[in-house]
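In: Give the three-dimensional model of this entry:
(one chain, ligands or ions: 1)
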Amino acid sequence: TPYETVLVERKGRTALLTLNRPKALNALNLQVMKEVVGAAEALDRDPEIGCIVLTGSAKAFAAGADIKEMQPQDYVDMYLSDWFTAWDRLGRLRTPTVAAVSGYALGGGCELAMLCDILLAADTAVFGQPEIKLGVIPGIGGSQRLTRAVGKAKAMELCLTGRTMDAGEAERAGLVSRVVPADQLLAEALAVAETVAGMSKPVAMMAKEAVDRAFETTLAEGVRFERRLFHAVFATADQKEGMAAFVDKRPPTFTHR
Ligand code: HXC
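Out: Numbers count the residues shown, from 1 in each chain. Purely as a prediction, here's the structure:
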């Protein structure tokens, strides 16, 4: 692997990206951003990959953007470099992604998890947007995605006080789909990824697109968009196979076409 701060492993049609900057609790500096986004985009282009899992360490998914790197910057530095902009590309991957969060997911770490499609938490997970305590605000979409995920009440409290949420609160609030014991997190995330990767890739991509569209448009437009995609899946070989397999009472073999 050409990367220093992220480990890349492939297991069949799934890929595992592990943040690997343990001495800084996976703080997201520019190198981490370039490497994670670069690795994820390379996997996204690979037709053999059907799902990408992103995880950190037991102690920290990621403890935020790198405070020491940001400290000396001024407005013009941040503006000219469009600081953090590459992270947006992670949210635009077409391949489904799973965040497996154990330990701290704070600031940019919480935002990184929210850039993924499925969010699974260990019972040790801690989520928050504590930027306000540093005199800044979220910068990788946290004020928007957290609000859409958990609603204004909790998002406002978290962003204004910097308090964190444990895994149980995050699940009740709808930030994560499930909480699992920490020692089972990775196995569970990989199992979910394998399930997704076993589906038709183009159809899974369309399902992802359709759900994502709910955050960008009106209900009427969203339903129209879904209907177009629904009609389109009937042009795939995998729709023929999936329905034939059901009728024949056998498991489907998708060809991702
Ligand atoms: C740089 C960080 C870091 C960070 C931890 N470290 N978080 N370095 N940026 N975000 C480093 C520490 O400096 C320390 O390095 C080492 O990691 C271990 O951290 P400790 O603090 O010693 O560990 P612990 O006491 O267990 O506390 C864990 C923690 C705490 C509660 C997660 O590290 C913490 O509060 N971190 C900052 C969380 C945060 O504010 N995140 C939001 C960042 S702002 P040394 O060298 O001392 O051993 C952000 C903004 C996005 O994400 C947009 C803004 C524009």
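In: quick one, strands of the stretch 51-200 of the chain?
Out: Counting by DSSP state E, counting those that start in this stretch, the stretch 51-200 of the chain has strands at residues 51-55, 60-62, 97-101, 104-106, 118-122, 126-128, 165-166, 178-180.
In: Now render these as TSV, adding mean pLDDT.
Out: Converted to TSV, the strands of the stretch 51-200 of the chain look like this (pLDDT from 0 to 100):
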stretch	mean pLDDT
strand 51-55	99
strand 60-62	98
strand 97-101	99
strand 104-106	98
strand 118-122	98
strand 126-128	98
strand 165-166	98
strand 178-180	98
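In: Go through the ones you listed and name the closest to Val233.
Out: Set against Val233 and scored by C-beta to C-beta, these come closest in strand 51-55, at 18.4 Å. Yep, even glycine has a C-beta here, placed from its N, CA and C like the rest.
In: what's that closest one in contact with?
Out: 13-19, 36, 40, 43-44, 61, 93, 95-102, 112-113, 116, 185-186, 189-190, 192-194, 196-197, 204 (C-beta atoms under 8 Å, 6 or more residues apart in numbering).
In: quick revisit: please name whichever of the strands of the stretch 51-200 of the chain is nearest to Asp82.
Out: Of all the strands of the stretch 51-200 of the chain, it is strand 60-62 that lies closest to Asp82, at 20.3 Å by C-beta to C-beta.
In: chain center to that closest one: distance?
Out: Centroid displacement of strand 60-62 relative to its chain, using C-alpha atoms, centre = their mean, to the nearest Å, is 13 Å.
In: partners of it, with directions?
Out: Partner strands and pairing direction for strand 60-62 (DSSP bridges) are strand 104-106 (parallel).
In: Identify the residues contacting the strand it pairs with?
Out: When contacts are defined by C-beta under 8 Å, 6+ apart, strand 104-106 is touched by residues 25, 56, 59-64, 112-113, 125-130, 164.
In: and the closest residue to the ligand within the stretch 151-257 of the chain, what is it in contact with?
Out: Residue of the stretch 151-257 of the chain nearest the ligand, by C-beta to the nearest ligand atom: Gly162 (7.8 Å). Gly162 makes contacts with 128-133, as judged by C-beta under 8 Å, 6+ apart.
In: near the ligand, from those?
Out: The subset of the contacts of Gly162 within reach of the ligand, by C-beta under 6 Å from any ligand atom, is 130-131.
In: For the residue of the stretch 101-250 of the chain found nearest the ligand, which residues are in contact?
Out: Closest contact between the stretch 101-250 of the chain and the ligand, by C-beta to the nearest ligand atom, is at Gly107 (2.5 Å). Contact partners of Gly107, counting by C-beta under 8 Å, 6+ apart, are 63-65, 128-131, 138, 142.
In: Next: Tyr3.
Out: With contact set as C-beta under 8 Å, 6+ apart, Tyr3 has these partners: 35, 38-39.
In: Test my guess that Ile137 contacts Glu131.
Out: Yes - if you go by C-beta atoms under 8 Å, Ile137 and Glu131 touch, sitting 5.3 Å apart.
In: Looking at those two, which is more packed in?
Out: The residue with more neighbours, out of Ile137 and Glu131, is Glu131; 23 against 13, by other C-beta atoms under 10 Å.
In: Show me what from the stretch 101-250 of the chain comes close to the ligand.
Out: Counting by C-beta under 6 Å from any ligand atom, the stretch 101-250 of the chain sits next to the ligand at 104, 106-108, 130-131, 134, 136, 138-140.
In: that older thread, now the common contact residues for Ile137 and Glu131.
Out: Common contacts of Ile137 and Glu131, defined by C-beta under 8 Å, 6+ apart, comprise Cys159.
In: Closest to the centroid, which residue in this structure?
Out: Closest residue to the average C-alpha location of the chain: Cys116 at 1.2 Å, with C-alpha atoms, centre = their mean.
In: Distance of the closest residue to that residue other than its chain neighbours relative to Ala189?
Out: In this structure, Cys116 finds its nearest non-sequential neighbour in Ala99, 3.7 Å apart by C-beta to C-beta, 6 or more residues apart in numbering. Computed as C-beta to C-beta, to the nearest Å, the Ala99 to Ala189 distance reads 8 Å.
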